[in-house]
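1. give me coordinates for this.
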Amino acid sequence: MTKKVLILKNDRTGDLFVSLKAINRIINKHKDQNIIVFLSNINHKFSFLFPSIQKKIISMNLTLIEKIKIFFHILTNKIDTIYILTPK
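-> Reported below is the predicted structural model:
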């Protein structure tokens, strides 16, 4: 069974570009696995940078309902590895 990897990157465009190297390392490390990246509604226009992985759009400032949806996505899809990339 293919493992599933989730990348959360819901911040501004500049932060996305700073994280490109890390995201590409994650993609290369898990290249034989099912990878999905959650991008902010600001960054979704750059989803072409990751042609081989599935993308979902979330808001930059997550509401409680969006957080719950992400939590249930993780549970129902049996995600094996989660990467939370923040600019901090």
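2. okay, CA-based contacts and neighbour counts for the rest of this
-> OK.
3. now do the strands in this structure.
-> 4-9, 34-40, 54-58, 81-84 (DSSP state E).
4. same list, the ones you listed, but as JSON lines with mean pLDDT and mean neighbour count please.
-> Shown next, in JSON lines, are these (pLDDT from 0 to 100; neighbours: other Cα atoms under 10 Å):
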{"stretch": "strand 4-9", "mean pLDDT": "96", "mean neighbour count": "20"}
{"stretch": "strand 34-40", "mean pLDDT": "95", "mean neighbour count": "21"}
{"stretch": "strand 54-58", "mean pLDDT": "94", "mean neighbour count": "17"}
{"stretch": "strand 81-84", "mean pLDDT": "96", "mean neighbour count": "13"}
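5. same list (the ones you listed) but as JSON lines, adding distance to residue 46.
-> Formatted as JSON lines, these follow (distance: least, Cα to Cα, whole Å):
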{"stretch": "strand 4-9", "distance to residue 46": "12"}
{"stretch": "strand 34-40", "distance to residue 46": "9"}
{"stretch": "strand 54-58", "distance to residue 46": "11"}
{"stretch": "strand 81-84", "distance to residue 46": "18"}
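6. send over stretch 74-88 as PDB, restricted to the C-alpha atoms.
-> Output of stretch 74-88 as PDB, limited to C-alpha atoms (Å, rounded to 0.1, in the frame of the first residue of the first chain):
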ATOM      1  CA  ILE A  74      -5.900  13.400   7.800                       C
ATOM      2  CA  LEU A  75      -8.000  10.800   9.600                       C
ATOM      3  CA  THR A  76     -10.100   9.600   6.700                       C
ATOM      4  CA  ASN A  77      -7.100   9.400   4.300                       C
ATOM      5  CA  LYS A  78      -4.800   7.700   6.700                       C
ATOM      6  CA  ILE A  79      -1.900  10.200   6.200                       C
ATOM      7  CA  ASP A  80       1.400   8.600   7.200                       C
ATOM      8  CA  THR A  81       3.600  11.700   7.200                       C
ATOM      9  CA  ILE A  82       2.800  15.400   7.800                       C
ATOM     10  CA  TYR A  83       5.100  18.300   7.100                       C
ATOM     11  CA  ILE A  84       4.000  21.700   8.400                       C
ATOM     12  CA  LEU A  85       6.100  24.400   6.800                       C
ATOM     13  CA  THR A  86       5.900  27.800   8.500                       C
ATOM     14  CA  PRO A  87       8.000  30.900   8.100                       C
ATOM     15  CA  LYS A  88       9.000  30.900  11.700                       C
END
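7. okay then, goodbye and thanks.
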